[in-house]
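A.B. asks: for reference, the sequence and a predicted model appear below.
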Amino acid sequence: MIFRAVEDADLIRKSAHGDVEAFNLLVSRWERRVFNYLLRLTGHREDSLDLCQDVFLKAYQNLRKLEDPARFAPWLFRIAHNEAFSLLRRRKTEAEEPRPPHTGAAVPLAGSGIYPLELTVAVSSALDRLSADQRDAVVLKIYQGFKFEEIAQILACPVSTVKSRLYTALDLLKAALAPSATSQNARGEI
Amino acid sequence: MNCSPFDLRDYFFDELPDDQRRQVAAHVATCAACCEELDRLRLTQAALLTLRDEEIPQRIGFVSDRVYEPSALRRRWRAFWGSAPRLGFASAAMLSLAILFASLYRPATPSADLTQLRAEIQKAVAESEARQAGNTAQLLAAANQRYEEDRSKDRQALDRAFDILEKTVKSWYRAANYSGDGQ
């Protein structure tokens, strides 16, 4: 991980000096994470792919403004967060146009080959019931593994707000998932 | 709620400092309620992680585009000034050069006293030159006057000598005529 961070810093420096190949390599390292973050926020593959391209284009255009290459990940996800929430706001204003619901129905569930479909459906539904802010906090912490301080930077809010959103969301998720997970666990043991 | 000395959820997400983490770990080892709460958090996280990351359907790539690329000169310029140590070194070098230049080529700033002194010197020199010119003119005039007086005296003396010579010649001539008549 340390070596990867060092290499990322080197790629960021080269990209900032206009090395497109270095930036392409950087994109290839981060595109999957950014795409999945956007997918879990927007629930739409095509939109997420478009947003992902916009995110990396903006990152390339503004890479020289990044003062500390070690803060690349929160900086990149800050751009992704802004892009995703711009889309969500646009969707809200286009309320008269019906759009497919969130992750549950619009996006076929991944990982259903490993885990029971019942559980993955329950997880998708539980995530759908969260507010966008709560879902954002859960995705950044549980799926992307950022520290609270990094999430606060991405969301541009205090750490206390991050914790509040995350823990409220976890309470809701616990209520929705822990029983089914527990029962699934119990069934697995039988 | 739980009876943990610090937030059990912070402990679960490994966001506590080492000393607090140790305290919570010791508490959880003896508290069934907190241990159960921790298990619920683990189960919830495990359930959430059943949703696996998807592969991106289309790889994102960029091609070299001059619209977004700064010129080579600009890149070098930005690269140079983008480094804080280089910027500091350049500032220090500029300051050193400025001090060196100031010490070597410090321009003489004429003060008010110096200007006044210069004016007084020029005035004294002018007055001295005027006095010298006046004296010279007086001396020249006196010399001319003396010269004219001497010349006048010489002319008078010459006139007198001519008169004497003329009288002498006349007397000689008269004497000669007398001697001729007498023969």
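C.D. replies: Yes, it's here. Numbering: from 1, shown residues only, chains lettered A, B, ... in the order given.

A.B. asks: name the element the residue nearest to the spatial centre of chain A belongs to?
C.D. replies: Residue closest to the mean C-alpha point of chain A, counted by C-alpha atoms, centre = their mean, is A:Tyr37 at 2.1 Å. Taking DSSP states H and E as the definition, A:Tyr37 sits inside helix A:20-42.

A.B. asks: next helix or strand past that helix?
C.D. replies: Counting by DSSP H and E, the element that comes right after helix A:20-42 along the chain is helix A:45-62.

A.B. asks: returning to what we had before: next up, the contacts around the residue nearest to the centre of chain A.
C.D. replies: A:77, A:80, A:84, A:139-140, A:143-144 (C-beta atoms under 8 Å, 6 or more residues apart in numbering or on different chains). No exception for glycine: its C-beta is placed from N, CA and C like everyone else's.

A.B. asks: ok, now B:Cys35?
C.D. replies: B:28-29.

A.B. asks: per-residue pLDDT, it?
C.D. replies: Per-residue pLDDT puts B:Cys35 at 94.

A.B. asks: against chain A, how distant is it?
C.D. replies: Per C-beta to the nearest C-beta, to the nearest Å, B:Cys35 is found 15 Å from chain A.

A.B. asks: hey, which helix is longest across chain B?
C.D. replies: As assigned by DSSP state H, the longest helix anywhere in chain B is helix B:112-182.

A.B. asks: tell me the buried residues in stretch B:54-63?
C.D. replies: B:54, B:56, B:60, B:62 (16 or more other C-beta atoms under 10 Å in any protein chain shown).

A.B. asks: can you get me a residue count around the closest residue to the second one other than its chain neighbours?
C.D. replies: So the one you mean is B:Ile56. Leaving aside its chain neighbours, B:Ile56 sits nearest to A:Phe35 (4.4 Å; criterion: C-beta to C-beta, 6 or more residues apart in numbering or on different chains). Residues near A:Phe35, counting by other C-beta atoms under 10 Å in any protein chain shown, number 25.

A.B. asks: can I assume A:Phe35 is in contact with A:Asp50?
C.D. replies: No. Counting by C-beta atoms under 8 Å, A:Phe35 stays clear of A:Asp50, with 10.6 Å between them.

A.B. asks: so where's chain B uncertain?
C.D. replies: Judged by pLDDT under 70, chain B has its weakly predicted residues at B:1-2, B:63-72, B:75, B:78-79, B:82-83, B:107-112, B:180-183.

A.B. asks: for chain A, what's its nearest residue on it.
C.D. replies: Ranked by C-beta to the nearest C-beta, the top residue of chain B for proximity to chain A is B:Arg52, at 3.4 Å.

A.B. asks: work out for me the element that residue sits within.
C.D. replies: Counting by DSSP H and E, B:Arg52 is part of no helix or strand.

A.B. asks: that one - how many residues pack around it?
C.D. replies: Considering only other C-beta under 10 Å, B:Arg52 is surrounded by 16 other residues.

A.B. asks: repeat for B:Thr50
C.D. replies: Burial of B:Thr50 is recorded as 21 neighbouring residues (other C-beta under 10 Å).

A.B. asks: with A:Leu66 instead?
C.D. replies: 17.

A.B. asks: heading C-terminal from the lowest-mean-pLDDT helix or strand in chain A, find the next helix or strand.
C.D. replies: Lowest on mean pLDDT, DSSP states H and E among the helices and strands of chain A sits helix A:103-106, with a mean of 43. Later in the chain than helix A:103-106, the nearest helix or strand by DSSP H and E is helix A:117-129.
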